[in-house]
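Chemist: Next one to model:
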Amino acid sequence: MENISLFEGEKKHSVTEIKNLGLNRSEENLKKLLEFFPAVTDIEVKREIVSSIGRQNNNQKIFDFIKNNVYNCGFMDLVYQMYRTCLYKGRTDENFKNLGEEIKNFFNNEVLNKMHDYFFYKQTHSRKILREKKYSKPILLRGNNVETLKKIEKNSVQLIFTSPPYYNAKIYSNYHSYKDYLTDMKKTLEICHEVLEDGRFIIINVSPVISKRPGREFESIRYPIHFDFHKILTESGFYFVDEIQWIKPESSVKNRNGGYQQTKMPLSYKPNCINESIMVYRKNCNFLLDKNIAMYDKTFANDEIFDSSNCWYIAPTANKNHPAVFPKELCRKILKYYSFRGDVVLDPFAGSGTFGEVAIEMKRIPILCEQNEFYCDLINGGNIYVQL
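Modeler: Residues are numbered from 1 along each chain as shown. Next comes the predicted model:
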């Protein structure tokens, strides 16, 4: 049997060799691959062996190999490759189709389920997304967003970016309980899911909130809003993609470590919170992001300047008319990385309308939702927005 080296420096050569065996279909190569599988311990090479076996022509030997190894191979990466073979071979061979179903049901694994959904979507849907552009002018929706967003066509928005009201932290945010707050936020996310185009992004800016102490003898409560938003986002039909940290100058945030500085006593330490979470989620769909990108030609590409890490250093912005406004630089980055020129972009909690202002500057079409009449008048002071 041909020797497969396990040294790191020779791994690349080994994987290439296995790929070549897979590309050249023959009984001789299949025999070699079947012999290699139990002898090789390197998982990357072993994975390539499974993939290369699946490319061969002798379906009976391939079927027997998968049936005899899939439940005891020890690594889910190998299971995924075996299941992948079953998906493709199952189009014409009922044995592979049935085996694939057995594998999926046995492991009950989220990756296998997604592989299944992606594969069968691709078999039954067109390669292109057909989009009829619905809106060409900025829109302002006055009132509760759960109701006003019903006026917007389903799947007509290409990006959602917002900062929900922080639970009982500002004068405009007052709820009976944290449970009520999350219930209301979920209602908004569910209607956002309806209007957002399949496969596009919803991005939420949140941070933990601490309640005021009712008295010196009572403890405050710190709410991990970003953790809880993950739950209601996934329940509403989105899946997690990234978390970006918005980092502020320490001089711009509230000082929390004064007590510790005075006493130096353990347990009293509280760090200054200089970051907020920018939570990036994608609307559930059964196709790759490439399909969304393919709707635009290369003239829509960005310039060469970009942020290479998930830490964005941006100073906060003050506004006499609103206690919590987006910095324009933050809006610019979101629009640059997650939308194209001409896209319809939505902020369901518009506040003073900074996102819409920047969107217009960057040649996007904003839809803003706001229920506070003072802020609505502030947003549409120049009569730029159409009101539905």
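Chemist: what's the nearest residue to residue 317 if we skip its chain neighbours?
Modeler: Closest residue to residue 317 apart from its sequence neighbours, by Cβ to Cβ, 6 or more residues apart in numbering: residue 327 at 4.4 Å. Bear in mind the C-beta positions are built from the backbone N, C-alpha and C, glycine included.
Chemist: and the one you found, how far is that from residue 247?
Modeler: 12 Å (Cβ to Cβ, to the nearest Å).
Chemist: Identify the contacts common to those two.
Modeler: Common contacts of residue 327 and residue 247 (Cβ atoms under 8 Å, 6 or more residues apart in numbering): residue 314.
Chemist: State the number of residues packed around the residue nearest to residue 317.
Modeler: 18 (other Cβ atoms under 10 Å).
Chemist: check contacts around it.
Modeler: 314, 315, 316, 317, 354.
Chemist: Restricted to helices, list those.
Modeler: Among the contacts of residue 327, the ones falling in helices (DSSP state H) are residue 354.
Chemist: Now list the buried members of the contacts of residue 327.
Modeler: 314, 317, 354 (16 or more other Cβ atoms under 10 Å).
Chemist: my read: the first one touches residue 330, true?
Modeler: Yes. Here residue 314 lies in contact with residue 330, judged by Cβ atoms under 8 Å, at a distance of 5.4 Å.
Chemist: Low-confidence regions, the stretch 201-350 of the chain specifically.
Modeler: 319-324 (pLDDT under 70).
Chemist: What segments of it are helices?
Modeler: 225-235, 258-263, 289-293, 328-338 (DSSP state H, counting those that start in this stretch).
Chemist: can I get those helices in JSON lines with mean neighbour count and distance to residue 16?
Modeler: Below are these laid out as JSON lines (neighbours: other Cβ atoms under 10 Å; distance: least, Cβ to Cβ, whole Å):
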{"stretch": "helix 225-235", "mean neighbour count": "16", "distance to residue 16": "39"}
{"stretch": "helix 258-263", "mean neighbour count": "11", "distance to residue 16": "57"}
{"stretch": "helix 289-293", "mean neighbour count": "14", "distance to residue 16": "26"}
{"stretch": "helix 328-338", "mean neighbour count": "19", "distance to residue 16": "35"}
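Chemist: Can you point out the buried residues in the helix or strand in which residue 193 is found?
Modeler: Using DSSP states H and E, residue 193 maps to helix 178-195. Under the neighbour-count criterion of 16+ other Cβ under 10 Å, helix 178-195 has 178, 181-182, 184-189, 191-195 buried.
Chemist: Of those, which is the nearest to residue 52?
Modeler: residue 193 (40.6 Å; Cβ to Cβ).
Chemist: Could you check the pLDDT of that closest one?
Modeler: pLDDT recorded at residue 193 is 98.
Chemist: Just give the nearest non-adjacent residue to it, would you?
Modeler: residue 237 (4.3 Å).
Chemist: pretty sure that neighbour is touching residue 285, no?
Modeler: No. Between residue 237 and residue 285 there is no contact under Cβ under 8 Å: 9.7 Å.
Chemist: hang on, the earlier thing: please report how far the residue nearest to residue 193 lies from residue 44.
Modeler: 35 Å.
Chemist: Equivalent analysis for residue 201, please.
Modeler: Residue 201 is 32 Å from residue 44, by Cβ to Cβ.
Chemist: again, but for residue 221
Modeler: 48 Å.
Chemist: any residues in contact with both of residue 314 and residue 330?
Modeler: With Cβ under 8 Å, 6+ apart as the test, residue 314 and residue 330 both reach residue 246.
Chemist: ok, how many other residues are close to residue 251?
Modeler: For residue 251, using other Cβ under 10 Å, the count is 9.
Chemist: wait, I meant residue 106
Modeler: For residue 106, using other Cβ under 10 Å, the count is 12.
Chemist: can you pull out the strands in the stretch 151-300 of the chain?
Modeler: 157-162, 196-206, 209-210, 222-223, 238-247, 275-283 (DSSP state E, counting those that start in this stretch).
Chemist: mind checking which of those strands is nearest residue 131?
Modeler: Nearest to residue 131, of the strands of the stretch 151-300 of the chain and by Cβ to Cβ, is strand 196-206 at 7.1 Å.
Chemist: For the closest one, which strands pair with it and how are they oriented?
Modeler: Looking at strand 196-206 with DSSP bridges, its partner strands are strand 157-162 (parallel), strand 275-283 (antiparallel).
Chemist: Let me know which of the strands of the stretch 151-300 of the chain is tucked in deepest.
Modeler: strand 157-162 (a mean of 25; mean count of other Cβ atoms under 10 Å).
Chemist: For the strand or helix carrying residue 45, enumerate the helices and strands it packs against.
Modeler: Using DSSP H and E, residue 45 sits in helix 43-54. Helix 43-54 sits against helix 8-23, helix 27-39, helix 59-69, helix 76-89, with contacts defined as 3 or more Cβ pairs under 8 Å, 6 or more residues apart in numbering; DSSP states H and E.
Chemist: So which bits of the third one are buried?
Modeler: It stands for helix 59-69. Buried residues in helix 59-69, counting neighbours by 16+ other Cβ under 10 Å, are found at 61, 62, 63, 65, 66, 69.
Chemist: Now these in CSV, please, with extra columns for pLDDT and distance to residue 304.
Modeler: As requested, the buried residues of helix 59-69 are arranged in CSV below (pLDDT from 0 to 100; distance: Cβ to Cβ, whole Å):
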residue, pLDDT, distance to residue 304
61, 97, 51
62, 98, 46
63, 98, 50
65, 98, 48
66, 98, 46
69, 97, 47
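Chemist: ok, those residues vs residue 258, which is closest?
Modeler: Once Cβ to Cβ is applied, the member of the buried residues of helix 59-69 that ends up nearest residue 258 is residue 69, at 62.2 Å.
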